[in-house]
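A.B. asks: Here is my input; please provide its structure:
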Amino acid sequence: MSETFHYQTVTQEAYDSAFKLQTQCHEFPWSRGQFFDCLTPPYFSYQLVKNDVVVGYYVGLSVSVEVTLMDIGIAKEARGQGLGEALLKHFLRECNQRQAEEAWLEVRVSNTPAISLY
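C.D. replies: Predicted coordinates:
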């Protein structure tokens, strides 16, 4: 990851890039309304920006002492560069900041790249 990257909060005022990426990452993506609804508490969402382009995102849900990774995605052209791991580590740091005692996620058995990451 020699190129510059940073994280930005995904907000309801500026979520188009993350939403479009989400639709490209999944066979059955969330609707625009579902994605929009996940941008306010108790949800939290960040996008990974590399060279001014959104290349990843995640959505978390924080309830009491549990946090669930609801969704995570990396642009196809950015995969294999360690960005998924960087994004997951950012999510776990957010879990710590929210004083979570447990972090949860679900993954399809067929999603071998995600299973390797987790």
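
A.B. asks: By mean pLDDT, flag the weakest helix or strand of this structure.
C.D. replies: helix 112-117 (a mean of 62; mean pLDDT, DSSP states H and E).

A.B. asks: So which other helices or strands are in contact with the top helix by length along the chain?
C.D. replies: Using DSSP state H, we find that the single longest helix of the chain is helix 83-97. Packing partners of helix 83-97 (3 or more Cβ pairs under 8 Å, 6 or more residues apart in numbering; DSSP states H and E): strand 5-9, strand 43-50, strand 53-63, strand 66-74, strand 102-105, helix 112-117. No exception for glycine: its C-beta is placed from N, CA and C like everyone else's.

A.B. asks: Which residue is the nearest non-sequential neighbour of the residue most central in space within the chain?
C.D. replies: Nearest to the mean C-alpha position of the chain, by Cα atoms, centre = their mean, lies Y58 at 1.0 Å. Spatial nearest neighbour of Y58, chain neighbours left out: I72 (4.2 Å); criterion: Cβ to Cβ, 6 or more residues apart in numbering.

A.B. asks: Could you pull up the residues touching the one you found?
C.D. replies: G56, Y57, Y58, V59, G84, L87, L88, F91, A114 (Cβ atoms under 8 Å, 6 or more residues apart in numbering).

A.B. asks: could the residues you listed go into CSV alongside distance to R98?
C.D. replies: Shown next, in CSV, are the contacts of I72 (distance: Cβ to Cβ, whole Å):
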residue, distance to R98
G56, 20
Y57, 18
Y58, 14
V59, 14
G84, 21
L87, 17
L88, 16
F91, 11
A114, 22
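
A.B. asks: Show me the shaky parts of the protein.
C.D. replies: Applying pLDDT under 70 to the chain picks out residues 1-3, 107-118.

A.B. asks: mind checking how far the closest residue to E101 other than its chain neighbours is from N51?
C.D. replies: Computed as Cβ to Cβ, 6+ apart, the closest residue to E101 that is not its neighbour in sequence is V65, at 4.1 Å. Counting by Cβ to Cβ, to the nearest Å, the separation of V65 from N51 is 37 Å.

A.B. asks: between the two, which one's more packed in?
C.D. replies: Legend: neighbour count by other Cβ atoms under 10 Å for V65 and N51, higher for V65 (11 against 8).

A.B. asks: Nice, that's everything, thank you.
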